[in-house]
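1. predicted model follows, preceded by the sequence.
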Amino acid sequence: MKVSIRDLENWEFGAVGIANPKISTLRRYFELIQATNEIPGDVAEFGVSRGSSIITTGLLLSGLNSKIIFGFDTFFGFPSYSDYDDFEIFNELYEKNVISKNHFERVLKNKDYVLARGSNTEPKNISTSMDFSATSLEIVQSKINYFALQDRIELVVGDFTKNLQDKLSNKTFSLVLIDSDLYESYEKILPIVWNHLSPGGYIYLDEYYSLKFPGPRIAVDSFVKNQKSILVRLPDWLDFERWALHKPLNI
């Protein structure tokens, strides 16, 4: 059924399993949807999981423009891990002043919480979503169908660290969300997606400030050194730093 996001009451977001843009951890990303409304190009999301954010993005765009959201996911969980995804890498990042003292103290506190709930700091276990093997293409498609977003959302199923250039072909993006947690995905995605990002567009980096996964920050910092990209700290939200890459209009 066709639904405006303004028609949903707060409890309904949780009931159907989608993000409430006003209180979600991704609030700053959802705000960029409006901010990039006039920028040419569609929207891409890397890391769809069970469709929480991509459905909300589709509903928000429905009230603004005719842009399409391309959702990339393996739909079977994390494909592999890099040495940079080892939790202990956070120690090196702190010793090299790559992350702040406050950030590192939060990392250690989160480690205590992870151990207290009976888990461990291995990449496949540290998140409350584990290795995301509970993702479901069927559930995401069901939500797309329910909200009648078939003309808004296109799912691209498979390992997006492979043959990504071919999958993007002639696509152009105004906004990209990278929510894929691991070093290799960020390292492979960023240079390709950057070439498909319109001037004035943004790449929202969900794990640049992370208490669980050190790899994305390493990949982003390496990328920024070699590109005319601007690493932007957005307004903090829910006690966390929020970051994005911005492509200047005059590039």
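-> Arrived safely, thanks for sending.
2. quick one: the strands in this structure?
-> Along the chain, the stretches classed as strands by DSSP state E are 42-46, 69-73, 153-157, 173-178, 197-205, 230-237, 240-246.
3. looking at these, which is nearest to Arg106?
-> strand 240-246 (8.9 Å; Cβ to Cβ). Where you see a C-beta, it was placed from the backbone N, CA and C, and this is true even at glycine.
4. what helices and strands are in contact with that closest one?
-> In this structure, strand 240-246 makes packing contacts with helix 27-35, strand 197-205, helix 215-225, strand 230-237, judged by 3 or more Cβ pairs under 8 Å, 6 or more residues apart in numbering; DSSP states H and E.
5. tell me the most buried of these?
-> Most buried of these, by mean neighbour count (mean count of other Cβ atoms under 10 Å): strand 197-205, with a mean of 22.
6. direction included, what does that one pair up with?
-> With DSSP bridges as the test, strand 197-205 is paired with strand 173-178 (parallel), strand 240-246 (antiparallel).
7. got CSV for those strands, with mean neighbour count too?
-> Formatted as CSV, those follow (neighbours: other Cβ atoms under 10 Å):
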stretch, mean neighbour count
strand 173-178, 26
strand 240-246, 19
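8. can I get those strands in JSON lines with distance to Val156 and mean pLDDT?
-> As requested, the strands paired with strand 197-205 are arranged in JSON lines below (distance: least, Cβ to Cβ, whole Å; pLDDT from 0 to 100):
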{"stretch": "strand 173-178", "distance to Val156": "13", "mean pLDDT": "98"}
{"stretch": "strand 240-246", "distance to Val156": "21", "mean pLDDT": "97"}
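9. now the ones you listed in CSV, with distance to Glu9?
-> Formatted as CSV, the strands paired with strand 197-205 follow (distance: least, Cβ to Cβ, whole Å):
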stretch, distance to Glu9
strand 173-178, 25
strand 240-246, 26
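10. which of the ones you listed sits closest to Glu154?
-> strand 173-178 (12.8 Å).
11. relative to strand 42-46, how tilted is the closest one?
-> 10 degrees (axes from the mean of the first three to the mean of the last three Cα atoms, to 10 degrees).
12. what angle do strand 173-178 and helix 215-225 make?
-> In terms of direction (the same axes, to 10 degrees), strand 173-178 departs from helix 215-225 by 140 degrees.
13. other residues contacting strand 173-178?
-> With contact meaning Cβ atoms under 8 Å, 6 or more residues apart in numbering, strand 173-178 is reached by 26, 29, 32-33, 36, 39-47, 53, 57, 67, 185-186, 189-190, 193, 196-198, 200-207, 216.
14. right, and the strands paired with strand 197-205 - which one's nearest Asn110?
-> Using Cβ to Cβ, the nearest of the strands paired with strand 197-205 to Asn110 is strand 240-246, at 11.4 Å.
15. how far out from the middle of the chain is the closest one?
-> 11 Å (Cα atoms, centre = their mean, to the nearest Å).
16. and the nearest residue to Gln227 once chain neighbours are set aside, how far from Arg117?
-> Of all residues not flanking Gln227 in the chain, Trp194 sits nearest, at 6.2 Å (Cβ to Cβ, 6 or more residues apart in numbering). Plainly put, Trp194 is 37 Å away from Arg117 if you go by Cβ to Cβ, to the nearest Å.
17. since that was my last question, I'll sign off now.
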